[in-house]
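In: Below are the sequence and a predicted model; questions follow.
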Amino acid sequence: MTRTGEAWMLFLVTRLAGVAVDACIVGAAYLAAFALRFDFAEPLWGWRKVALSYVSVCVVHIAALVCTGCYRLAWRRIGAAQLPRYFCATFLAAAVLTVMRVLMPSMELVHVRPPYSITVICFFFATAGLVGARYVWRLYWMSRQKEASLLERSEKTFDNTVAARFLAGRVVMVTGAGGSIGSELVRQVAAAGAVRILMVERCENALYEINREMARSKCAASLKPLMIDCGDRARMDKVFAEEKPSVVLHAAAYKHVPMVELNPEEGWRNNTEATRTMAGLSSAHGVERFVLISTDKAVNPVSVMGKTKLAAERAIMEVGGATSFCAVRFGNVFGSSGSVVPLFREQIAASGPVTVTHPDMKRYFMTIQEAVSLVLQAASRGEKAIYTLDMGEPVRILDLAENMIAQAGYRPYVDIPVIFTGIRPGEKLFEEIDVSGKSAFKTDMAKIYITRMPSAQAPCGPRGDCARTQSP
């Protein structure tokens, strides 16, 4: 059976279960109406006829829910916008039962239709019960569904004591400080006790936002927002000379594979040459530790973005001097700008379709907090190395899309279609991060491995041509 067929089968099963629950709610409301109307005493015509009349009442209510489209809504989607629909359903049911009472006034037909008073009381109880049950289910669902649960593993927490000890009292430069990773680096570096944070970011609005957030947080670190392109050697040289950072966390980069594929020269300039510039200046100004934020796409790269990041890794490894250089590779960061998660969220909000490139495509994912915690741990180490982070098992993008649709309260393939658009230039079906013994050395820090690097490979140029580069 196809996924669409499975989705419709699940839809029918859940709707039948919903009808059964609604029937019980209407039954409870109907019984409560009699109890309230007759002070919990048996009515004159007896409980047997009450039970028989419940059949009519239940059928009318279920039909009204169907006619008003309530069964097209998932229970967990209940909200202010859906309340009128449920109110209309119970009002319609009450109206039909009232008409039945008018057309069948004889007490001999009391087993078919309820009295006026019972219909009115039942209307209020049934409305409260049907809506209340859905709100309770929504609260239960929301308590269980967190964004991190889409990782298909538990979110990791790490002991950052060593990293905090390393960063405390230091001047730290963070490039790309307004981005998803860069801004979290700023937050965690401030929490670790850095005395001064140099926030380098060329996007005015992004720099404004992180500076405003940090000012509101009243962090102890002195903050300096610097609206500079980190590839501008002259201006960055002046910053290094004046501020004398001891740690550089280089997160500035173009990360969107299709965009870099269409603009290879700019990708090379920003990802590789700017990194080379930063590494050279760091060495010249006596920076103690330089950390490059890299990617799993640098492993056997097929995209221009992956090749520019691999070349950036090799560039920092060629720099001499007392500065200790390292790169940290990890996969997709959950919810970061340009990632698939915000795209899916936007498509779901627009009622679809959700676009997936290939049904078998898989990617490694980490939360921003996980990634940055491990980056700072790697920064506190002393090796000149390329680190790979253990991110667990890869997540299938199709599963991620389906789970996000479900979390939003919709049914994949039923409420929101999922379509396949085909693999784009520069994309792989599977990323190739490997932390096994043949590809990496285990460190004494959990989840951090040192990558075994081939010794005779040359970095590739902006269009994928390989040529030996010179040290900065």
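Out: Sure thing, it's come through. Numbers count the residues shown, from 1 in each chain.
In: where exactly do the strands run in the stretch 151-300 of the chain?
Out: 171-175, 196-200, 222-226, 247-250, 289-293 (DSSP state E, counting those that start in this stretch).
In: For these, could you give me TSV that also reports mean neighbour count, distance to I348 and mean pLDDT?
Out: C-beta here means a position set from N, CA and C on the backbone, and glycine is covered the same way. Converted to TSV, the strands of the stretch 151-300 of the chain look like this (neighbours: other Cβ atoms under 10 Å; distance: least, Cβ to Cβ, whole Å; pLDDT from 0 to 100):
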stretch	mean neighbour count	distance to I348	mean pLDDT
strand 171-175	26	32	97
strand 196-200	25	33	97
strand 222-226	17	34	96
strand 247-250	27	33	97
strand 289-293	26	29	96
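In: Report the residue ranges of every domain in the chain.
Out: Structurally, the chain divides into domains by automatic domain parsing as follows: 3-144, 150-451.
In: residue boundaries of the helices in the stretch 101-250 of the chain?
Out: Counting by DSSP state H, counting those that start in this stretch, the stretch 101-250 of the chain has helices at residues 116-144, 161-167, 180-192, 204-217, 233-243.
In: So for the residue nearest to V131 when sequence neighbours are not counted, what pLDDT did the model give?
Out: The shortest distance from V131 to any non-neighbouring residue, by Cβ to Cβ, 6 or more residues apart in numbering, is to Y86 (5.3 Å). Note on Y86: pLDDT of 95.
In: give me the element Y86 is part of.
Out: Using DSSP states H and E, Y86 maps to helix 83-103.
In: Report the distance from that helix to the chain centre.
Out: 42 Å (Cα atoms, centre = their mean, to the nearest Å).
In: in the worst-scoring helix or strand of the chain on mean pLDDT, what counts as buried?
Out: Counting by mean pLDDT, DSSP states H and E, the chain has its least confident helix or strand at strand 440-442, which shows a mean of 77. Neighbour-count burial for strand 440-442, counted by 16 or more other Cβ atoms under 10 Å, picks out A440.
In: pLDDT of the very next helix or strand once past that strand, averaged?
Out: Next in sequence after strand 440-442, counting helices and strands by DSSP H and E, comes strand 448-451. Mean per-residue pLDDT for strand 448-451: 84.
In: could I get strand 448-451 in CSV with only the CA atoms?
Out: What follows is strand 448-451, C-alpha atoms only, in CSV (Å, rounded to 0.1, in the frame of the first residue of the first chain):
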residue,chain,number,x,y,z
ILE,A,448,33.8,14.4,19.7
TYR,A,449,36.1,12.5,17.2
ILE,A,450,39.3,13.6,15.4
THR,A,451,38.9,12.9,11.7
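In: Can you name every helix or strand that it contacts?
Out: In terms of contacts (3 or more Cβ pairs under 8 Å, 6 or more residues apart in numbering; DSSP states H and E), strand 448-451 is packed against helix 368-379, strand 385-389, strand 440-442.
In: If we use 6 Å, what do you get?
Out: strand 385-389, strand 440-442 (3 or more Cβ pairs under 6 Å, 6 or more residues apart in numbering; DSSP states H and E).
In: Including distance to R452, could those strands go into a markdown table?
Out: As requested, the helices and strands packed on strand 448-451 are exported to a markdown table (distance: least, Cβ to Cβ, whole Å):
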| stretch | distance to R452 |
| --- | --- |
| strand 385-389 | 9 |
| strand 440-442 | 6 |
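In: And those strands: which comes nearest A17?
Out: Among those, strand 385-389 comes nearest to A17, with 42.2 Å by Cβ to Cβ.
In: excluding its backbone neighbours, what's nearest P394?
Out: Per Cβ to Cβ, 6+ apart, closest to P394 is K362, 4.0 Å.
In: Quick one: neighbours of the one you found, just the number.
Out: Residues near K362, counting by other Cβ atoms under 10 Å, number 18.
In: hang on, it packs against G392?
Out: No - judged on Cβ atoms under 6 Å, K362 makes no contact with G392 at a distance of 12.0 Å.
In: picking up where we left off before, which ones are touching the residue nearest to P394?
Out: Taking Cβ atoms under 6 Å, 6 or more residues apart in numbering, we find K362 in contact with 394, 396, 430.
In: Please identify the buried residues of stretch 398-405?
Out: 398, 400-405.
In: Please apply the same query to stretch 231-241.
Out: In stretch 231-241, counting by 16+ other Cβ under 10 Å, buried: 231, 233, 236, 239-240.
In: again with stretch 330-337
Out: Quick answer for stretch 330-337 (16+ other Cβ under 10 Å): 330-336.
In: Could you do stretch 81-96 as well?
Out: Within stretch 81-96, the residues scored as buried using 16+ other Cβ under 10 Å are 82, 86, 88-90, 92-94, 96.
In: As CSV, the residues you listed with distance to Y387 would be great.
Out: Output for these, formatted as CSV (distance: Cβ to Cβ, whole Å):
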residue, distance to Y387
Q82, 49
Y86, 54
C88, 59
A89, 58
T90, 61
L92, 64
A93, 64
A94, 67
V96, 69
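In: which one among these gets closest to G306?
Out: Distances from G306 to these, taken by Cβ to Cβ, are shortest for Q82, at 45.2 Å.
In: what sits against the closest one?
Out: Applying Cβ under 6 Å, 6+ apart, the residues near Q82 are L73.
In: where's the biggest helix by length in the chain relative to the chain centroid, distance-wise?
Out: When the chain is parsed with DSSP state H, its longest helix is helix 3-37. The chain centroid and the centroid of helix 3-37 are separated by 32 Å under Cα atoms, centre = their mean.
In: now it: mean pLDDT?
Out: Averaging pLDDT along helix 3-37 gives 87.
In: can you list the residues that contact the helix or strand following it?
Out: Proceeding N to C from helix 3-37, the next assigned helix or strand is helix 46-67, under DSSP H and E. Residues from elsewhere that reach helix 46-67 (Cβ under 6 Å, 6+ apart): 23, 26-27, 30, 34, 89, 92-93, 96-97, 110-112, 114.
In: Any chance of those residues in a markdown table with distance to A74 as columns?
Out: Formatted as a markdown table, the contacts of helix 46-67 follow (distance: Cβ to Cβ, whole Å):
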| residue | distance to A74 |
| --- | --- |
| A23 | 19 |
| V26 | 20 |
| G27 | 23 |
| Y30 | 26 |
| F34 | 32 |
| A89 | 16 |
| L92 | 21 |
| A93 | 21 |
| V96 | 26 |
| L97 | 28 |
| V110 | 38 |
| H111 | 36 |
| V112 | 34 |
| P114 | 31 |
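In: Closest one of the residues you listed to N205?
Out: Checking the contacts of helix 46-67 one by one against N205 (Cβ to Cβ), the nearest turns out to be A89, at 46.4 Å.
In: isn't the closest one right up against T68?
Out: Yes - the pair A89 / T68 is scored as a contact, 4.3 Å apart, by Cβ under 6 Å.
In: What number of residues are in the vicinity of D360?
Out: Neighbours of D360 (other Cβ under 10 Å): 11.
In: could you say what helices and strands the strand or helix carrying I316 packs with?
Out: I316 is part of helix 304-317, with elements assigned from DSSP H and E. Contact here means 3+ Cβ pairs under 6 Å, 6+ apart; on that basis helix 304-317 packs against helix 257-262, helix 264-267, helix 274-284.
In: cutoff 10 Å now
Out: helix 257-262, helix 264-267, helix 274-284, strand 289-293, strand 324-329, strand 385-389 (3 or more Cβ pairs under 10 Å, 6 or more residues apart in numbering; DSSP states H and E).
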